[in-house]
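Trainee: sequence-free structure coming up:
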């Protein structure tokens, strides 16, 4: 697919503001065409993603967004602070003990544990077993935002079908409840629409935040790649941890690009774009040294489709970095450069191996 790439932050915001000219109709479309055998696997599972939130527009989108927003109000997000600290500290206690025996991967010992629990408690929706949740989430990201060949597509499709099957059962069990899915059903959404929303909301609510935490920990301990860096132990200070996470969001967010499609023939920054043109917005990595303090926020989008969990993701990442630096102030990166997840719209180090450094 040929994309018109928009690198300038101001121009990316313009695209997201021009909702009459550009829409997220391609936001959840697979980057590579899915093979017929792949589609048969998904069809057998009744897999369907009607536009509801991330890929929707108009009054329907606004109505659904208003419902989902109630679960992520500023007050509710702020109230989870003690719970985030509690989970992080429990995981860090295990991590500290494991470090006595050798290097530990913070991605699996800390980062992956906090967001799923917080998301479940805010929405009232249960999670599948953590290992399954992580596998399903990563496989779905690769299926829709990666470049899998036909053989790999079949593996990913079976995983996506299993995820969707669990989701359908969860939606059915939520009818009449005050959980997120139950409230959406009561608001008039069909089961297929709730499944569509839930499919990517479950991923966005925990996997992309875990990815952000991975990068924030990796860059904080390694002090590489950021315009403003400080000794790792200093990130135990709340203000410095917040500044560090915002620096990561501005330079290498876990969600570093997003897509739009031109609804009609239009002009963008002097370039003529035909109706249907695919536009790739770079959300992080292009802020100069004199960027405004709010530069980090573009990582969560802009305008009508700004991420509803923006404050939650930033809060979780900041608190985990702060608690890790406080509990383990003498960490050093261990081993070689980790492998990275590199998809069209998602990036993160797949591991953050650390060891106890000098005191």
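Mentor: Sure thing, it's come through. Treat the numbers as computed from the prediction; the structure is a model and nothing was measured.
Trainee: Show me what counts as buried in the worst-scoring helix or strand of the chain on mean pLDDT.
Mentor: In the chain, no helix or strand scores lower on mean pLDDT, DSSP states H and E than helix 58-69, which sits at a mean of 88. By 16 or more other C-beta atoms under 10 Å, the buried positions in helix 58-69 come out as 61, 64, 65, 67, 68. Where C-beta positions appear, they are placed from N, C-alpha and C, glycine not excepted.
Trainee: which other residues reach that helix?
Mentor: Contacts with helix 58-69, where a contact means C-beta atoms under 8 Å, 6 or more residues apart in numbering, come from 51-53, 56, 180, 183-184, 187, 189, 197, 201, 304, 308.
Trainee: Among the residues you listed, the buried ones, what's the PyMOL command?
Mentor: Burial among the contacts of helix 58-69 is assessed by 16+ other C-beta under 10 Å; the matching PyMOL selection reads:
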select buried, resi 51+52+53+56+180+183+184+189+197+201+308
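Trainee: between the contacts of helix 58-69, which is closest to residue 33?
Mentor: Taking C-beta to C-beta as the measure, residue 33 sits nearest to residue 51 out of these, at 19.3 Å.
Trainee: Tell me the pLDDT of the closest residue to that closest one other than its chain neighbours.
Mentor: Among residues not flanking residue 51 along the chain, residue 25 sits closest, at 7.2 Å (C-beta to C-beta, 6 or more residues apart in numbering). Looking at residue 25, its pLDDT is 90.
Trainee: my read: residue 25 touches residue 261, true?
Mentor: Yes. Applying C-beta atoms under 8 Å, one finds residue 25 in contact with residue 261, separated by 5.1 Å.
Trainee: so for the host helix or strand of residue 40, what's the average pLDDT?
Mentor: In the assignment (DSSP states H and E), residue 40 maps to helix 36-44. Averaged over helix 36-44, pLDDT sits at 97.
Trainee: Could you give me the buried positions within it?
Mentor: 38, 41, 42.
Trainee: which strands and helices sit next to it?
Mentor: In this structure, helix 36-44 makes packing contacts with helix 150-174, judged by 3 or more C-beta pairs under 8 Å, 6 or more residues apart in numbering; DSSP states H and E.
Trainee: Show the subsequent helix or strand relative to the helix it packs on.
Mentor: helix 180-186.
Trainee: any idea which helix or strand comes after that next one?
Mentor: Next along the chain after helix 180-186, taking DSSP H and E as the criterion, comes helix 191-204.
Trainee: Can you pull out the residues in contact with that following helix?
Mentor: So helix 191-204 is contacted by 28, 48-54, 64, 68, 119, 125, 133, 137, 140-141, 163-164, 167-168, 170-172, 174, 180-181, 184-185, 189, 307, 309 (C-beta under 8 Å, 6+ apart).
Trainee: which stretches of the stretch 201-350 of the chain form helices?
Mentor: For the stretch 201-350 of the chain, applying DSSP state H, counting those that start in this stretch gives helices covering 207-222, 238-252, 310-327.
Trainee: The stretch 1-150 of the chain too?
Mentor: Going by DSSP H, counting those that start in this stretch, the stretch 1-150 of the chain shows helices at 9-17, 36-44, 58-69, 74-79, 81-99, 106, 114-123, 130-145, 150-174.
Trainee: What mean pLDDT does the last one get?
Mentor: Just to be clear, that refers to helix 150-174. This predicted structure assigns helix 150-174 an average pLDDT of 97.
Trainee: helices and strands around it, which ones?
Mentor: Right, helix 150-174 is packed against helix 36-44, helix 130-145, helix 180-186, helix 191-204 by 3+ C-beta pairs under 8 Å, 6+ apart.
Trainee: What residues sit buried inside the longest one?
Mentor: In this case it means helix 130-145. Buried, per 16+ other C-beta under 10 Å, within helix 130-145: 133, 134, 136, 137, 138, 139, 140, 141, 142, 143, 144, 145.
Trainee: So what touches it?
Mentor: Contacts to helix 130-145, defined as C-beta under 8 Å, 6+ apart, come from residues 28-31, 34, 112-113, 116, 127-128, 148, 152-153, 155-157, 159-160, 162-163, 166, 199-200, 202-203, 206-207, 341, 343-346.
Trainee: Over to stretch 6-24?
Mentor: Here stretch 6-24 has contacts from 54-57, 258-264, 266, 268-269, 279-283, 286-287, 291, 295, 298, 301-305, using C-beta under 8 Å, 6+ apart.
Trainee: quick one on the thing from earlier: before we move on, could you check phi and psi at the residue nearest to residue 51?
Mentor: Backbone torsions for residue 25, taken as degrees, to the nearest 10, come to phi -60, psi -20.
Trainee: Could you measure from it over to residue 308?
Mentor: Distance of residue 25 to residue 308, computed by C-beta to C-beta, to the nearest Å: 19 Å.
Trainee: Ok, residue 176 next?
Mentor: 24 Å.
Trainee: try residue 261
Mentor: Residue 261 is 22 Å from residue 308, by C-beta to C-beta.
Trainee: Low-confidence ranges, the protein, go.
Mentor: Residue ranges of the chain with pLDDT under 70: 1, 223-230, 358-359.
Trainee: any idea which residue sits dead centre in it?
Mentor: residue 208 (2.5 Å; C-alpha atoms, centre = their mean).
Trainee: I'd like to know how far that one sits from residue 20.
Mentor: Relative to residue 20, and taking C-beta to C-beta, residue 208 is found at 28 Å.
Trainee: The nearest residue to residue 269 once chain neighbours are set aside: neighbour count?
Mentor: Once flanking residues are discounted, residue 269 sits nearest to residue 11: 5.6 Å by C-beta to C-beta, 6+ apart. If you count neighbours by other C-beta atoms under 10 Å, residue 11 ends up with 15.
Trainee: returning to that earlier point: what's the helix holding residue 40 in contact with?
Mentor: So helix 36-44 is contacted by 34, 150, 153, 154, 156, 157, 158, 160, 161, 164 (C-beta under 8 Å, 6+ apart).
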